[in-house]
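**Q** Kindly generate the corresponding structure for this input.
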Amino acid sequence: MFTPKSGLALLLLFSTLLGATKATAQPIDGNICPGESQIYRMARSRHFHLYICSQNDQPTYYVGNATNGSSSITLPLASVENEVYIAKNQGHSYTLDFERQRLTVVMPGGKQVTQS
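**A** Next comes the predicted model:
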């Protein structure tokens with residue numbers, strides 16, 4: 001699910017996360033991160049391509065793109081601690097945890113959705 005940073009990276013889709021029998025790779029488009037930022041970390045959950053973008057090697061943005069192309073979101077990071085990146089938007093909290101290999105979204109009413 002997770003790969004180290006690289007300029008021209010491949011997103012590896014691991015079988016344990018996708019329920020598939022083998023991993024596949026997809027090329028990454030260079031226009032994912034806003035402004036001058038670059039892909040720092042990336043992952044894929046069941047329904048999203050997820051990216052942490054950085055400027056000057058400092059994580060700055062969370063980017064989530066639905067795998068079906070229906071939606072995307074780009075947010076500044078509110079918090080970074082070790083391998084846990086948190087972005088917030090209008091009462092929603094997006095936590096991308098590379099240590100536990102999961103995405104957790106908490107809605108304004110407290111409802112929580114977790115994907116690995």
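**Q** Who are the contact partners of the closest residue to N89 other than its chain neighbours?
**A** In this structure, N89 finds its nearest non-sequential neighbour in L75, 5.2 Å apart by CB to CB, 6 or more residues apart in numbering. The way it works is simple: take the backbone N, C-alpha and C, and place the C-beta from them, glycine included. Shown in contact with L75 (CB atoms under 8 Å, 6 or more residues apart in numbering): 61-63, 87-89, 94.
**Q** again, 7 Å this time
**A** Applying CB atoms under 7 Å, 6 or more residues apart in numbering to L75 gives the contacts 61-62, 87, 89, 94.
**Q** What subset of these is buried?
**A** 61-62, 87, 94 (16 or more other CB atoms under 10 Å).
**Q** with those residues in mind, which one is nearest to V105?
**A** Comparing those against V105 with CB to CB places Y94 closest, at 5.5 Å.
**Q** Please report how far the nearest residue to H47 once chain neighbours are set aside lies from A43.
**A** Among residues not flanking H47 along the chain, T67 sits closest, at 5.7 Å (CB to CB, 6+ apart). Counting by CB to CB, to the nearest Å, the separation of T67 from A43 is 12 Å.
**Q** With neighbour numbers in mind, choose between these two.
**A** Neighbours were counted for T67 and for A43 using other CB atoms under 10 Å; A43 has more, 25 against 12.
**Q** Isn't that one up against L50?
**A** Yes. Counting by CB atoms under 7 Å, A43 sits close enough to L50 to count as a contact (4.6 Å).
**Q** Just list whatever residues bridge to the residue nearest the centre of the chain.
**A** Centroid-nearest residue in the chain: L50, 2.2 Å away (criterion: CA atoms, centre = their mean). Beta bridges link L50 to A43, G64, judged by DSSP bridges.
**Q** got the contact list for it?
**A** The contact partners of L50, by CB under 7 Å, 6+ apart, come to 42-44, 64, 96, 103.
**Q** So among those residues, where is pLDDT lowest?
**A** Model confidence across those bottoms out at R44, which has 90.
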